[in-house]
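Student: Quick one, structure for this:
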Amino acid sequence: MSVNITFTEAAKQTLTPIVAKSGRQLKLNYDTDGCGCLVDGVPALWLVDKADEDDVVVETNFVPVLVERPRLIFFDEEMTIDIKPGTTVFQLKSPRQILNGHMPLVEVTAGHER
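Tutor: From the prediction side, this is the model:
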């Protein structure tokens with residue numbers, strides 16, 4: 001399965017200085033911590049130092065985004081990352097649904113995944 005991720009102009013404007021300053025990569029993670037089982041999870045936007053061995057790179061209209069290959073099945077084929085107006089919280093949407101309407105940008109340090 002392949003996914004297509006598009007960033008809105010508002011999301012790009014917010015993320016550009018963060019990504020440029022940090023020199024890190026964006027990762028769209030399917031976070032299952034505390035959810036009970038692997039099929040119950042929440043999409044999360046992470047800022048990471050490097051790709052994990054099972055990550056794939058998804059080209060976007062902004063910067064490439066990492067996604068764990070085994071977790072691709074939990075995402076829709078067409079997705080948009082937007083920012084919630086008046087906040088620093090992102091939203092992950094598809095034509096069919098809102099996958100996460102309150103998605104903070106999480107800085108993940110090596111060996112300290114959330």
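Student: Ignoring the adjacent residues along the chain, who's closest to residue 58?
Tutor: residue 65 (4.9 Å; Cβ to Cβ, 6 or more residues apart in numbering). Any C-beta I mention is one placed from the backbone N, CA and C, and that applies to glycine too.
Student: was I right about that neighbour contacting residue 28?
Tutor: Yes - the criterion here is Cβ atoms under 8 Å, and residue 65 meets it with residue 28 at 5.4 Å.
Student: which residues does residue 60 contact?
Tutor: 4, 5, 6, 7 (Cβ atoms under 8 Å, 6 or more residues apart in numbering).
Student: Would you mind putting those into TSV with neighbour count, secondary structure and distance to residue 69 alongside?
Tutor: Shown next, in TSV, are the contacts of residue 60 (neighbours: other Cβ atoms under 10 Å; DSSP: H, G, I helix; E, B strand; the rest coil; distance: Cβ to Cβ, whole Å):
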residue	neighbour count	secondary structure	distance to residue 69
4	14	strand	16
5	20	strand	15
6	15	strand	21
7	22	strand	21
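Student: of all these, which comes closest to residue 92?
Tutor: Among the contacts of residue 60, residue 5 lies closest to residue 92 (Cβ to Cβ), at 8.8 Å.
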